[in-house]
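J.: Fold the stuff below for me.
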Amino acid sequence: MRTKLLTLLLAFSAIASAQTFRVKGDVGTTQYDGLRLYVTKIDVADWHFNRVIDSTSVLNNGRFTLSMPIHEEPFLISLDLPLKGDEHHPEAYDLPSAQCIAEAVSIKINYSDEGVTLKGGKMNADYERLICQPARDAKKQVNAMAKRRAEAEQARPLTDEENEAFNVQLRQIYKANEPILTQFVEKNISNRVGATLFFGRSPNFYGQDTWNNLFASVPEAYKNQYLARQERERQQQEAITKARQATQAGQQYHDFASKDVNGNATRLSDIVSNSRATLLVFWASWCAPCRAEIPTLKQLYEKYHASGFNIVSVSLDNHREAWLKAVEKEQMAWPQWGTAEGFKAEAATRYAVQAIPFVVLIDANGNMPLVNIHGKQLETKIREALKQ
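T.: Below is the predicted model:
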């Protein structure tokens, strides 16, 4: 009985061990000690759905370990340090991103200036041979070519023909890797990893015939995810196109809801209906050009407010605290609105705002005589709207 129990326990132990993905890594330097490496699961068809699923500390002497349960078929992951700086001025560490396959094995990852090397695991061995090794070789060639180019430029300026010759070499280096990546995709097209890499490239990369043949072999569930992404992108582009057409100068303005600095509900129509001219200003606390434009807006407001001119500033910040801090510092006398949704805010989508500062002038009839024009032209249009 004891022997059977021991055998059973060992069997369960082996099963548990087989369902764990383990990594031993060496980044080759101590400068990142204490930082955390984040594990991102790569979505099959849409990078917007990539998500962090685990993390591990970089240990002494640049070494780290990771142990993660695997409850599904192997999938592609990325190991990355967090970005430095803030969300609007992000800066990456010099450590390259490391991609590998989360499968129920133990692997080793070693970093170098050219990239990462993977050891262990059947799928990771293929990934190393067909993805990582060619990428490292390509980087070595690119670095060597860049060195030759720099040495040539030290002697004299390069001609247009010489520059183009270097660019041709660069394209050839990357072009040489395309069949190798395709080989890995073809071998794994019926699983999640192959489908992920396949959908990471456009049909132009493979050629339409190859794309069609590979697509036919993708599991139905992954096909549907890709088609859903295509439909989302189509709808988003259609919405942007409609919004741009609808916000051209001369069109009627679009009402929207927002919130003031106290969190009270607001609507643009409440301001427009009580104004002879309204300037809608999209900005954010982190936007230096937006902040630089505020003194000019203050002058316009002081000069024309008594004549029925109003301004509404709509923040596209993602963080309410940062917005309120900027509002307090800038001391703008007109309404300040924001929902801390960034460019996804209703106001931004209604006006197809892609970059800031972005301004829209609305007259007493609700028409938009001016869209995203600044300086003297803006003041001229304000005067016209006020009938001055």
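J.: What are the phi and psi values at the residue most central in space within the chain?
T.: Central residue of the chain (CA atoms, centre = their mean): residue 48, 7.6 Å from the mean position. Main-chain dihedrals, residue 48, degrees, to the nearest 10: phi -60, psi -20.
J.: ok, now the one 4 residues further on?
T.: Summarising the backbone geometry of residue 52 under the convention degrees, to the nearest 10, its torsions are phi -70, psi 130.
J.: And the pLDDT at it?
T.: Residue 52 carries a pLDDT value of 95.
J.: thinking again about what came up before, and the residue nearest to the centre of the chain, what's its pLDDT?
T.: On the pLDDT scale, residue 48 is placed at 88.
J.: so what's it up against?
T.: With contact set as CB atoms under 8 Å, 6 or more residues apart in numbering, residue 48 has no partners. From N, CA and C alone the C-beta is placed, and that goes for glycine too.
J.: Please tell me how far it sits from residue 186.
T.: Residue 48 sits 26 Å away from residue 186, going by CB to CB, to the nearest Å.
J.: Can you give me the buried ones in the helix or strand containing residue 269?
T.: Assigned by DSSP states H and E, residue 269 belongs to helix 268-272. Neighbour counts using 16 or more other CB atoms under 10 Å place 268, 271-272 of helix 268-272 among the buried residues.
J.: how about the helices in the stretch 1-150 of the chain?
T.: Using DSSP state H, counting those that start in this stretch, the helices of the stretch 1-150 of the chain run over residues 2-18, 122-127, 133-155.
J.: hey, least reliable of those helices by pLDDT?
T.: Ranked on mean pLDDT, the bottom entry among these is helix 2-18, at a mean of 48.
J.: Kindly export the helix holding residue 269 (C-alpha atoms) in CSV.
T.: The C-alpha trace of helix 268-272 is given here as CSV (Å, rounded to 0.1, in the frame of the first residue of the first chain):
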residue,chain,number,x,y,z
LEU,A,268,-20.9,72.1,-24.4
SER,A,269,-24.3,73.3,-25.6
ASP,A,270,-24.8,75.1,-22.2
ILE,A,271,-21.9,77.4,-23.1
VAL,A,272,-22.5,77.8,-26.8
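J.: Make residue 1 into 52 and carry on from there
T.: Renumbered: residue one is now 52, and that last one reads helix 319-323.
J.: which of the buried residues of helix 319-323 lies closest to residue 143?
T.: residue 319 (38.8 Å; CB to CB).
J.: Tell me if I'm right that the closest one and residue 362 touch.
T.: No - look at residue 319 against residue 362 with CB atoms under 8 Å: they stay out of range, at 11.9 Å.
J.: where do the contact lists of the two overlap?
T.: Common neighbours of residue 319 and residue 362, counting by CB under 8 Å, 6+ apart, are residue 329.
J.: Burial check on residue 129, number of neighbours?
T.: When counting by other CB atoms under 10 Å, one arrives at 16 neighbours for residue 129.
J.: tell me the contacts of the closest residue to it other than its chain neighbours?
T.: Counting by CB to CB, 6 or more residues apart in numbering, residue 91 is the residue found nearest to residue 129 once chain neighbours are left out, at 4.6 Å. Contacts for residue 91 (CB under 8 Å, 6+ apart) come out as 101-104, 128-131.
J.: so where do the helices sit in the stretch 202-351 of the chain?
T.: With DSSP H, counting those that start in this stretch as the definition, the stretch 202-351 of the chain shows helices at residue ranges 211-239, 243-250, 254-257, 259-268, 271-297, 319-323, 339-355.
J.: What residues of the fourth one count as buried?
T.: What it means is helix 259-268. 262, 265-266.
J.: Can you spell out which helices and strands pack onto that helix?
T.: Packed against helix 259-268, as judged by 3 or more CB pairs under 8 Å, 6 or more residues apart in numbering; DSSP states H and E, are the following elements: helix 211-239.
J.: Could I get the average pLDDT for the helix it packs on?
T.: 88.
J.: before we move on, what about stretch 286-298?
T.: 78.
J.: quick one: contacts of it?
T.: The contact list for stretch 286-298 (CB under 8 Å, 6+ apart) reads 305, 400-403, 405, 411, 419, 422.
J.: Please repeat the previous calculation with a cut-off of 10 Å.
T.: For stretch 286-298, contacts defined as CB atoms under 10 Å, 6 or more residues apart in numbering pick out 302-305, 399-405, 409, 411, 419, 422-423.
J.: Restricted to buried residues, select these in PyMOL.
T.: Per 16+ other CB under 10 Å, the buried members of the contacts of stretch 286-298 correspond to this PyMOL selection:
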select buried, resi 304+305+399+400+401+402+403+404+409+411+419+422+423
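J.: Check the contacts of stretch 286-298 and tell me the two furthest apart.
T.: 303 and 405 (20.9 Å).
J.: Next up, the contacts around residue 398.
T.: Counted by CB under 10 Å, 6+ apart, residue 398 has contacts 305-309, 319, 331, 333, 363, 365-367, 388-390, 392, 404.
J.: follow-up on the earlier one: single out the most deeply packed of the helices of the stretch 202-351 of the chain.
T.: For the helices of the stretch 202-351 of the chain, the largest average neighbour count (mean count of other CB atoms under 10 Å) is found in helix 243-250, namely a mean of 23.
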